[in-house]
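Novice: okay, structure incoming, though there's no sequence with it:
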């Protein structure tokens, strides 16, 4: 026998850790998706696709701006000591991924704004006609456009990676403590972003390209998930128990049905048929990918908090 | 610089919770929250059953994931004794440190900042013992400098078998339990 009784009963900590509620997975999802959108828009700018007038690289940055701001607002809502949020920017803590993230976000916004300025939407230029002049000057310099593309791709990668690193540095939570988590979050961010652009693309070729790219991202995501679990299952007992939470435990039904089945396998099948012209492109597949990406973050955050070095939780 | 720690004799601890009440009183710990607590662990196979009663709190680790993950520097290692503390005015309540602690020793104070045991540093700096140690009726708790070979805690560790909690987590805790 092995029984443990404790008199501790701190809110959101006992019996299991549930400190981070809906705000963190929502932020991680939106941050990851925006990261993917920045990489895609940056690639379009870098590769010269922006020369096509209906290229989605002109609508992506504004949507990214809104989505990231919503994510940041969710993060703000999560803070327990909100009046002191400015303290993030009076220091830089080199060992803290959250500090890195705060400063990366400071750079992400100018990158998005630079991208928006290349061709601002008409409803903005009508209100601020001067922006049209700026856009005209910027478009006259292809070198600048290319560099904005690179700037967006680099910062997109940093943003996408940091959302995973934020969790994986927590050695106290065995499920998160994997050096593959940031790869999973980056690929999942790319996949949800490709799904979104696939959904809104006005250019047929672009829609096709993004569906193909998304298929690639989904296959890589599946591979990374397998590698993540192989790593956890061949590690110490707390890591094995953490992996089992998702594979056969409390979180298994949600993980297998919503993340693997409805979030990856089925949309991958649908999109493979679509790019091979067996069925028409359907918005159902990308919507499933996006929802699957959101549920993945919810499950990883929740199960990660549940996982522990101390295995009493699992008995 | 000293390295403050605690040595707790599990053969003497009766789980009376005097230490818990003393901490709450001394540190004005809000209702429904605990900076220290009692754990009763029974293990073994009948008839060879063991019972260990422990008073637990922040382990004031030497390797501090709670400090390294803090984005504002609010969680820090105090100049005196390597005690792990939180500056309330710098804490934004992001809860990263709460997640980072394998002992789940931190909580969010109703006023919004991360809170936990301070080893009663305000008392220690005046030459007094932490409140929990001061009130213990069985004298099972001992506080002092682990790096001083002549301190009471070092002598106890040299004289008896002991263990620390979840050492596999790699945090090098500074609270030890005599068995």
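Specialist: Arrived safely. Keep in mind that this is a model prediction, so the values were computed, not measured. Numbers count the residues shown, from 1 in each chain, chains lettered A, B, ... in the order given.
Novice: quick one: low-confidence parts of chain A?
Specialist: A:311-315 (pLDDT under 70).
Novice: and the strands in it?
Specialist: A:2-6 (DSSP state E).
Novice: ok and the residue in it nearest chain B?
Specialist: Nearest to chain B, among the residues of chain A, is residue A:80, at 2.7 Å (CB to the nearest CB). Every residue, glycine included, has its C-beta placed from N, CA and C.
Novice: contacts for stretch A:187-207 next, please.
Specialist: For stretch A:187-207, the external contacting residues (CB atoms under 8 Å, 6 or more residues apart in numbering or on different chains) are A:29, A:31-37, A:39-40, A:49, A:52, A:54-56, A:59-60, A:63, A:160, A:163, A:210-211, A:213-214, A:217-218, A:220-221, A:224, A:267, A:281, A:283, A:285-287, A:289-290, A:293-294, A:296.
Novice: now it: buried residues?
Specialist: Neighbour-count burial for stretch A:187-207 flags A:187-199, A:201, A:206-207 (criterion: 16 or more other CB atoms under 10 Å in any protein chain shown).
Novice: do the same with stretch B:132-143
Specialist: So for stretch B:132-143, counting by 16+ other CB under 10 Å, buried means B:132, B:133, B:134, B:135, B:136, B:140, B:141, B:142, B:143.
Novice: among those, which two are most distant?
Specialist: Comparing every pair within the buried residues of stretch B:132-143 by CB to CB identifies B:135 and B:142 as the most remote, at 13.6 Å.
Novice: look up phi and psi at residue B:70.
Specialist: Dihedral angles of residue B:70 (phi, psi; degrees, to the nearest 10) stand at phi -70, psi 120.
Novice: tell me if stretch A:12-29 is near chain B.
Specialist: Yes - residues of stretch A:12-29 contacting chain B under CB under 8 Å from any CB of the partner chain: A:12, A:13, A:14, A:17, A:19, A:20.
Novice: out of those residues, flag the one nearest to residue A:303.
Specialist: Within those, proximity to residue A:303 (CB to CB) peaks at residue A:17, which comes in at 10.8 Å.
Novice: look up how far residue A:129 lies from that closest one.
Specialist: Residue A:17 sits 53 Å away from residue A:129, going by CB to CB, to the nearest Å.
Novice: helices of the chain, start to end?
Specialist: Since no chain was named, I'll use chain A. For chain A, the helices defined by DSSP state H cover A:23-47, A:60-78, A:97-118, A:122-127, A:130-139, A:142-168, A:181-200, A:204-233, A:237-247, A:252-254, A:266-275, A:284-306.
Novice: was after chain B, sorry
Specialist: Secondary structure of chain B (DSSP H): helices located at B:18-27, B:65-68, B:96-100, B:121-124, B:131-135, B:152-159.
Novice: can you give the contact residues for the third one?
Specialist: With contacts defined as CB under 8 Å, 6+ apart, helix B:96-100 is touched by A:13, A:17, A:19-20, A:96, A:98, A:170-173, A:305, B:65-71, B:75, B:86, B:104, B:106-108, B:114.
Novice: now that helix, how far from the centre of its chain.
Specialist: Computed by CA atoms, centre = their mean, to the nearest Å, the separation of helix B:96-100 from the middle of its chain amounts to 16 Å.
Novice: give me the number of residues near residue 83?
Specialist: This is for chain A. Per other CB atoms under 10 Å in any protein chain shown, the neighbour tally for residue A:83 reads 10.
Novice: right idea, wrong chain: chain B
Specialist: For residue B:83, the neighbour count with other CB under 10 Å is 23.
Novice: fine by me, thanks again.
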